[in-house]
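Asker: whatever this is, show me its structure:
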Amino acid sequence: MDSETFDQLVKGARTYRRYDGEPVGEDVLRGLVDAVRFAPTGNNMQLLRFHVVSADDTAEAGKVFSHLHWAGALKDWDGPVEGELPGGYVIICLPEKLAENPVRLIDVGIASQTVVLAAASRGLGACMHKSYDACLGDELGLTDAGYVVSMVVSLGGRGEKVVLEPATTEHGLTYWREADGSHHVPKLSLDDLLI
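Answerer: Now for the predicted structure:
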């Protein structure tokens, strides 16, 4: 893959909060986790564990969805509705005793981004959720297994248009939606980032 293709992949790996409503099969979700297992982890300890949920399993997918919080900057939007729901989820877990370990939280970030990039390479949209109800692990039986939920990645066919914008509008760095439903995400310039 050349650098231009990779740059386009990264630009396409935006946060998508509305989906096409089609389930993502368990085989695809497992493929995303399979990509993650090759990503780096601190000390190569590979302590993360993953729970995949396809929307084909309506009961479990409903449990996950009911505990997610969506788009804090969009105060008048409660999340996707029927027909826009995620097609599946990859839930990233840590052993309970390491839930606050800084190195393991970096591992979670690397794994989350790897899932999102792998999803984008398959034409899927994704959203990383760090905002969810604390009882989610209990609902899914993960707590009893000694794990805590550290990140939820919702996935599905892209159901919205995402536009990258320069961070020079009146919105600053806050994302927004236009009347046509397009989702706009401001980004700083390269010169703004270099020190």
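Asker: when you work out contacts or count neighbours from here on, use the C-alpha atoms and nothing else.
Answerer: Noted.
Asker: separation between Glu52 and Gly181?
Answerer: Quick fix: residue 52 reads Val, not Glu. Per C-alpha to C-alpha, to the nearest Å, Val52 is found 29 Å from Gly181.
Asker: gap between Val103 and Thr143?
Answerer: In terms of C-alpha to C-alpha, Val103 sits 21 Å off from Thr143.
Asker: so between these two, which is more surrounded?
Answerer: Thr143 (17 against 13; other C-alpha atoms under 10 Å).
Asker: show me the longest helix that occurs in the protein.
Answerer: Secondary structure of the chain per DSSP state H: the longest helix is helix 102-121.
Asker: who does that helix touch, helix- and strand-wise?
Answerer: helix 3-12, helix 26-36, strand 88-95, strand 124-129, strand 147-157 (3 or more C-alpha pairs under 8 Å, 6 or more residues apart in numbering; DSSP states H and E).
Asker: show me the residue at the heart of the chain, geometrically.
Answerer: Met128 (2.5 Å; C-alpha atoms, centre = their mean).
Asker: in space, what's closest to it - neighbours in sequence excluded?
Answerer: Val153 (4.5 Å; C-alpha to C-alpha, 6 or more residues apart in numbering).
Asker: enumerate every residue touching the one you found.
Answerer: When contacts are counted by C-alpha atoms under 8 Å, 6 or more residues apart in numbering, Val153 touches Tyr89, Val90, Ile91, Ile92, Ser112, Val115, Val116, Ala126, Cys127, Met128, His129.
Asker: now Tyr89
Answerer: Leu29, Val52, Val53, Ser54, Ala61, Val152, Val153, Ser154, Leu155.
Asker: with adjacent residues omitted, what lies nearest to it?
Answerer: Closest to Tyr89 by C-alpha to C-alpha, 6+ apart is Ser154, at 4.5 Å.
Asker: what residues are bridge-paired with the one you found?
Answerer: With DSSP bridges as the criterion, Ser154 is bridged to Tyr89, Cys127.
Asker: any idea how far Leu48 is from Pro40?
Answerer: 11 Å.
Asker: low-confidence ranges in the chain?
Answerer: Filtered on pLDDT under 70, the chain yields no residues whatsoever.
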